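A.B. asks: For reference, the sequence and a predicted model appear below.
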Amino acid sequence: MAKILIVDDEEDVRISLKQVLERAGHEVSVAKSGTEGLEMMKQEAADLVITDVIMPGIDGIATARQIREKYRNTRIIVMSGGGKTAPEPYEPDAIKTRSYLASASGAGADSTLTKPFDRNEILRMVQKLLDEP
Amino acid sequence: MARHLNTIPGRLVLMLLLIHALLMPPLFYVISSTVERTMKDSFVDNVRNLAQIFVDRFERLGPDAAEQRIVAFLDSAILSGQGRYAAIDIGGRTLASSVMSDQDTGLFREDFAFGEHDDNVYYLSLPVSGLTAPAVLKLGYDESPIHEDFSAVRRTLIYVLTAYLLLTLFVAGLMSSTIVRPLRWLQKESRAISSGDVDRELKPDSRLEEISALADDLETMRRNLVGINERLKKEIAEREQAEAERLQLEQQVHHHQRLRSLGTLAGGVAHEFNNVLLPMVLYLELALEDLPADSPVAENLLRVQDLANRAKGLSQQILTFSRHDSDARLVETDLAPVVEEAVTMIRALQSATVDLRAEINAGCSPVKCIPEQIKQLLVNLCNNASRALAENTGHISVSLDEVEASEQLASKYPQLAARSYVVIEVRDTGGGMDAETMERIFEPFFTTQEVGKGTGLGLSVVHGIVKRHQGEIVVESESGKGTSFRIFLPSAGRDEQTG
């Protein structure tokens, strides 16, 4: 039983993910953007944040970085459709372009997921991160 | 005829003939007339000496000589040789030789020069003293032997001059052939050279200074020409090669840019799809959970789930093509076992009729790679190859080897750096492709298969994987002969040591 915050600009992603996590017994809140997510964290810090990367306003990488700075114990999962990377412009054949994954890890994310994933994948990852000391 | 006159032997013969035509008649005339004159003079001298001897003999007879004795003397003048006429007038009385062929004393007409009269007899008279009365001896000698001698001399002269002319012409012919033969040879060789056989050395067999000087000059010219020719050929070849390289490079850049923008586009589409797919997958799972297992709705939802999974697979393939910086890290790996494993897997997956041959060099340097992606690449290439074979009874060969990209190879494929590569090759003996198809094979969703067969992503994925590995693809295809895909992956071993 943990407090989980989902940050994604896609409504259906938020709703479906919320249902999946609630059925697993977690207390889930959702935010439409990075800014909103950070606001909600101020009111009540979540144990785990799942954030999308590409969002209007503050992107997922920046969101993760700010959460990591302020809330040391919060676990962070960064997820993406995988087609674009941030913050650098996407370059298909430039191997040096740091992937969103590397950017996310650099920003303090504990783990990453590529959309689409199924229920088991996300639940297993959440459980693993919450169980870690 | 006129053509022959315009040759060196022709001119030479003509010139000699002209010279002789001008010189020979006067020469003939001078020689023959000199000889004739000499012969006439000596005839006249002889006849006169002979006559003088007879005069002396008559004078020695004295005045008392019998008439009979006188006639006998006259007869001896006839009988001794060419005498034709012998008579003596003594005081108005004429005594003639009794053996004269013609007894007519009236024939006598004195000649004061040879052949003065055309009676063919040279008549002369000499006074004789000491006889009974003043006397005149009249003698006639045959001129015809001299005339015969003249003709003989003229004939001989004509023979000699003709022989001389012929000899001159023969010598001229010989001489002109020593000029003409090397000239002809030079002409033949020059013609061969001008028709392209430039490697003939011009060295005629002649000691004539002019000819050998001409040949030397021609030879120098030939060598220069050969030099210029070779330089030009080299230059043309270099230009052609540079042009070909530039064109190839241009095409590659163009191709690359197109694939890149396609990658960006496809990646963006896949991204959006993934954002749609995620909630779909999750909703489906939630819905299925809420339904009893035997619900007819569940059955259809399971089908939707299968479709969602297929969509997920597709979008992942698109991402492999478009995103070359995947999450997995490149690990230094020996490719031999990876390729072997992939070949085993492909053999298991493909129909038994496909003849798949593998030739793996286990001694290749390791490569920084994601082994799973290399396997994927092989599977995709082999799938493609087996489709290319169709019903043909050909085969697919997979090989792994290491090559040092020489300058030659690099000039043929400018995308290759001069370094060591591990090369995976998949070759089929299928139908091959045309240039237009080859240009587009890596584009996502480009397929030559019927609609519904093949996604058109197989080679796009291969392209993505190769780019991810900093490798290069060289495709060669010949319609009707088959296709070869060569994947050049930079070998890790050596670079690590030097760098």
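C.D. replies: Cool, got the structure.

A.B. asks: Break down chain A into its strands, ranges please.
C.D. replies: In chain A, the strands defined using DSSP state E lie at A:3-7, A:27-31, A:48-52, A:75-80, A:111-114.

A.B. asks: Adjacent strands (with direction) for the shortest one?
C.D. replies: Each strand pairing with strand A:111-114, determined using DSSP bridges, is listed with its direction: strand A:75-80 (parallel).

A.B. asks: Restricting the selection to alpha carbons, write the strand it pairs with to PDB.
C.D. replies: Extracted in PDB, the C-alpha atoms of strand A:75-80 (Å, rounded to 0.1, in the frame of the first residue of the first chain):
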ATOM      1  CA  ARG A  75      10.800   6.600  -6.200                       C
ATOM      2  CA  ILE A  76      10.500   7.800  -9.800                       C
ATOM      3  CA  ILE A  77       9.600   5.900 -12.900                       C
ATOM      4  CA  VAL A  78       9.900   7.700 -16.200                       C
ATOM      5  CA  MET A  79       7.900   6.300 -19.100                       C
ATOM      6  CA  SER A  80       7.800   7.300 -22.800                       C
END
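
A.B. asks: What number of residues are in the vicinity of whatever residue of the stretch 251-400 of chain B ends up closest to chain A?
C.D. replies: Of all residues in the stretch 251-400 of chain B, residue B:271 sits closest to chain A, at 2.5 Å by CB to the nearest CB. Using the backbone N, CA and C atoms, a C-beta is placed for each residue, glycine as well. Look at residue B:271: counted by other CB atoms under 10 Å in any protein chain shown, it has 23 neighbours.

A.B. asks: Now do the SS call for it.
C.D. replies: Three-state assignment for residue B:271 (DSSP: H, G, I helix; E, B strand; the rest coil): helix.

A.B. asks: Next, give phi and psi for residue 54.
C.D. replies: By default, I'm working from chain A. phi -90, psi 110 (degrees, to the nearest 10).

A.B. asks: Kindly reformat the strands of chain A as JSON lines containing mean neighbour count.
C.D. replies: Converted to JSON lines, the strands of chain A look like this (neighbours: other CB atoms under 10 Å in any protein chain shown):
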{"stretch": "strand A:3-7", "mean neighbour count": "23"}
{"stretch": "strand A:27-31", "mean neighbour count": "19"}
{"stretch": "strand A:48-52", "mean neighbour count": "26"}
{"stretch": "strand A:75-80", "mean neighbour count": "25"}
{"stretch": "strand A:111-114", "mean neighbour count": "19"}
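
A.B. asks: that older thread, might one say that the residue of the stretch 251-400 of chain B closest to chain A is in contact with residue A:81?
C.D. replies: Yes: contact criterion CB atoms under 8 Å: residue B:271 and residue A:81 qualify, at 3.6 Å.

A.B. asks: Give the helix, strand or coil label for the residue in chain B sticking out farthest from the centre.
C.D. replies: The outermost residue of chain B, judged against the average C-alpha position, is residue B:64 (110.0 Å), by CA atoms, centre = their mean. What three-state DSSP gives for residue B:64 is coil.

A.B. asks: Residues that sit against both of residue B:271 and residue A:81, list them.
C.D. replies: By CB atoms under 8 Å, 6 or more residues apart in numbering or on different chains, residue B:271 and residue A:81 have these common neighbours: residue A:54.

A.B. asks: Quick check, pLDDT for the residue farthest from the centre of chain B.
C.D. replies: Note on residue B:64: pLDDT of 78.

A.B. asks: Excluding covalently adjacent residues, which one is nearest to residue B:374?
C.D. replies: In space, and not counting its chain neighbours, residue B:374 is closest to residue B:338: 5.2 Å by CB to CB, 6 or more residues apart in numbering or on different chains.

A.B. asks: Give me the mean pLDDT for the helix or strand hosting the one you found.
C.D. replies: Residue B:338 belongs to helix B:335-349 when assigned by DSSP states H and E. The predicted model assigns helix B:335-349 a mean pLDDT of 87.

A.B. asks: just the helices in the chain please.
C.D. replies: Picked chain A for this. Shown for chain A, the helices assigned by DSSP state H span residues A:11-23, A:34-43, A:60-70, A:100-107, A:119-131.

A.B. asks: if you could check chain B rather than the one you did, that'd help
C.D. replies: Under DSSP H, chain B gives helices at B:2-5, B:8-61, B:67-79, B:144-194, B:209-290, B:296-322, B:335-349, B:371-389, B:407-412, B:435-440, B:458-468, B:493-498.

A.B. asks: Among these, show me which one is buried the most.
C.D. replies: Among these, the stretch with the highest mean neighbour count (mean count of other CB atoms under 10 Å in any protein chain shown) is helix B:458-468, at a mean of 25.

A.B. asks: if I look at the residue nearest to the spatial centre of chain A, how far off is chain B?
C.D. replies: The centroid of chain A falls nearest to residue A:51 when counting by CA atoms, centre = their mean (2.3 Å). Separation of residue A:51 from chain B (CB to the nearest CB, to the nearest Å) stands at 14 Å.
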